[in-house]
Each structure stands twice: as structure tokens, then as C-alpha cells.
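Colleague: next come a sequence and a model predicted from it.
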Amino acid sequence: MDVYEDHYEILGLPSGKNGAKITLKEITKAYKAKALLLHPDKNPFDSKAKAKFQRLKSSYDVLKDDNTRKLFDKKLSNIIAKRRKMESDLARVAHAIESPTTVLAVVEISAVRSSTSVNWSRKSKIMEDSKTMASISVSTICCSTEK
């Protein structure tokens, strides 16, 4: 199960808390509608049709099974929470840009937080997100000191 793919989105359904409320009947209906559009037999000239259909089928398999769906919903919720936290941190850095000293302090805190999460994380995607956060903060400092 690829947690970094939003299986609700692939089926054309709302995601997050709204996705968790969708019934199996609605999931099946969305799958069948998309399957008719993406099936390789319906798209003989699309070289990626088979891969698109397999991705759709894989997402449906995750969402139709109650246990895997609950696991996916939990992981998706964690990812959304981390994304909101990062957006909040970046907004705080952007707001503090008028004071280069303040920005430097926020960047140092972010860098410490990033290195800690990298040590605890086993997922390379989280490591990439942490590096991105640190590099965005550092580039903000470079830009603010050039004024």
C-alpha cells in the first residue's frame, strides 16, 4: 500500500475526513465509472492505459477492504497533520522575514526539528519533506539578508 498516493483522489472521491465517511457502495460506484474510462481496451492508443488502470485497481483494492482502508485513513490523517504543521512553520518564517534575527532563530529551530525527524523516520519521503523544509528556510534567510 503506497501511503503517499491518495487512493480517494485516484478514484475521484473527496479525501481526508470526508473520504473516511464514504460508503463502500460509493467507492464501488466511483471505481466502476473510472474503470470504464481508463480500461486499456477502451484506450488502445494510450501506452500508459494499462498502468493507469492498474493504479486505479490498486486504489480500489485498498479502499474496499475495511482493514486496509482504516490503516490508509490513519496514515493519510498523519500526513495531512504533518503537512499543516509544515505550512504553519513556513508561514511563521514568512511573517518573521522583516526581522532577519528572528528568521535566523526560526531556521535554527527548524533545522534541529528536521534532523530529529530524519533520525526517527524510516520513510524516505518524510526525510525528503524535512530536507525541503530546511532548504526553504535557509533560502529565506539568504534572500532576507540581501536587502
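Modeller: Thanks, I have it. Here the structure is a predicted model, which means the values were calculated and not measured. Numbering: from 1, shown residues only.

Colleague: over to the closest residue in space to residue 33 that isn't next to it in sequence. Which of the three states is it?
Modeller: Among residues not flanking residue 33 along the chain, residue 12 sits closest, at 7.6 Å (CB to CB, 6 or more residues apart in numbering). (Each C-beta comes from the backbone N, C-alpha and C, glycine too.) Three-state call for residue 12 (DSSP: H, G, I helix; E, B strand; the rest coil): coil.

Colleague: quick one: residue 12 and residue 32 touch, right?
Modeller: No: the pair residue 12 / residue 32 is not scored as a contact, 11.5 Å apart, by CB atoms under 8 Å.

Colleague: so where's this protein uncertain?
Modeller: Residue ranges of the chain with pLDDT under 70: 1-3, 96, 98-147.

Colleague: give the next helix or strand downstream of the helix or strand residue 31 falls within.
Modeller: Using DSSP states H and E, residue 31 sits within helix 24-38. Downstream of helix 24-38, the next assigned helix or strand under DSSP H and E is helix 49-64.

Colleague: contacts only, for the closest residue to residue 40 other than its chain neighbours.
Modeller: Leaving aside its sequence neighbours, residue 40 sits nearest to residue 49 (CB to CB, 6+ apart; 4.3 Å). Contacts for residue 49 were tallied using CB atoms under 8 Å, 6 or more residues apart in numbering; they are 38-40, 42-43.
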